[in-house]
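In: Pasting the sequence and the predicted model now:
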Amino acid sequence: MTTVSDLPDLDELRREAAGCTRCELYEPATQTVFGEGPPSAWLMMVGEQPGDREDVEGAPFVGPAGRVLDKALERAGIDRSEVYVTNAVKHFRFERQGKRRIHKTPGVTHIRACRHWLDGELAAVRPAALATLGAVAGKALMGSGFAITKERGKVLEWEGHRLVPTVHPSSILRGPPEARDEALDALVADLRVAAGLRP
């Protein structure tokens with residue numbers, strides 16, 4: 001039987017992850033971007049990987065996509081201070097174009113290498129509900145057969161957790177400007193489903 005003392009400690013995991021060399025992404029990245037939020041969070045949100053701002057600042061969802069997420073959470077009636085936010089991959093994967101660093105989707109090997117940290121976060125936080133943000137995060141947890149177009153906004157069962165998949169907020173920013181309001185409304189609707197799982 002697992003006791004509380006056997007469960008991983010978030011601060012300890014964060015310290016260990018800071019020196020992670022499980023895949024090659026640590027070399028060009030500025031730092032490991034570990035999850036953030038209260039250890040007692042009822043909702044854990046799992047994104048894909050840190051972006052440029054997150055890599056620089058060392059915190060998840062602090063860039064443009066994070067601002068979209070904050071707006072969507074507020075409209076869905078979820079206080080970000082009660083949510084634990086993290087990513088399936090903890091280092092920024094990018095390619096250089098001049099001085100700019102352009103996001104590059106992490107591969108299966110990167111997701112597998114980081115799974116140790118995500119499993120540790122899940123065991124430490126023990127959230128009542130999960131939300132995956134984007135196809136990469138959905139596949140990281142539910143396997144390659146996961147299709148976000150079919151599953152978004154539904155309550156799924158995953159390894160004893162109730163999970164609501166939705167899009168990554170960055171997809172709203174990448175979409176056509178005239179479609180952004182509608183795309184944000186759809187994200188808010190999905191997050192309201194997650195809000196309904198609050199204990």
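Out: Structure's in. What do you need? Numbering: from 1, shown residues only.
In: Scan the chain for its longest helix.
Out: Criterion DSSP state H: the longest helix present in the chain is helix 108-125.
In: Is residue 151 in contact with residue 165, as I believe?
Out: Yes - if you go by CB atoms under 8 Å, residue 151 and residue 165 touch, sitting 4.9 Å apart. Quick note: C-beta positions are derived from backbone N, CA and C, even for glycine.
In: residue contacts, the residue nearest to residue 140 when sequence neighbours are not counted?
Out: Counting by CB to CB, 6 or more residues apart in numbering, residue 140 lies nearest to residue 88, which is 3.8 Å off, once chain neighbours are set aside. Residues near residue 88 by CB atoms under 8 Å, 6 or more residues apart in numbering: 46-49, 106, 111, 114-115, 118, 136-137, 140-141.
In: if you set the cut-off to 10 Å instead, what comes out?
Out: Residues in contact with residue 88 (CB atoms under 10 Å, 6 or more residues apart in numbering) are 46-49, 106, 110-111, 114-115, 117-118, 132-134, 136-141.
In: Could you check how many residues crowd around residue 36?
Out: For residue 36, the neighbour count with other CB atoms under 10 Å is 18.
In: partner residues bridging it?
Out: residue 85 (DSSP bridges).
In: Correct me if wrong: it contacts residue 14.
Out: Yes - at 9.0 Å, residue 36 counts as touching residue 14 under the criterion of CB atoms under 10 Å.
In: Any regions of this structure where pLDDT drops low?
Out: Low-confidence segments of the chain, defined by pLDDT under 70, are located at 1-7.
In: on that earlier part again, what's the separation between the residue nearest to residue 140 and residue 153?
Out: Distance check for residue 88 against residue 153: by CB to CB, to the nearest Å, it reads 20 Å.
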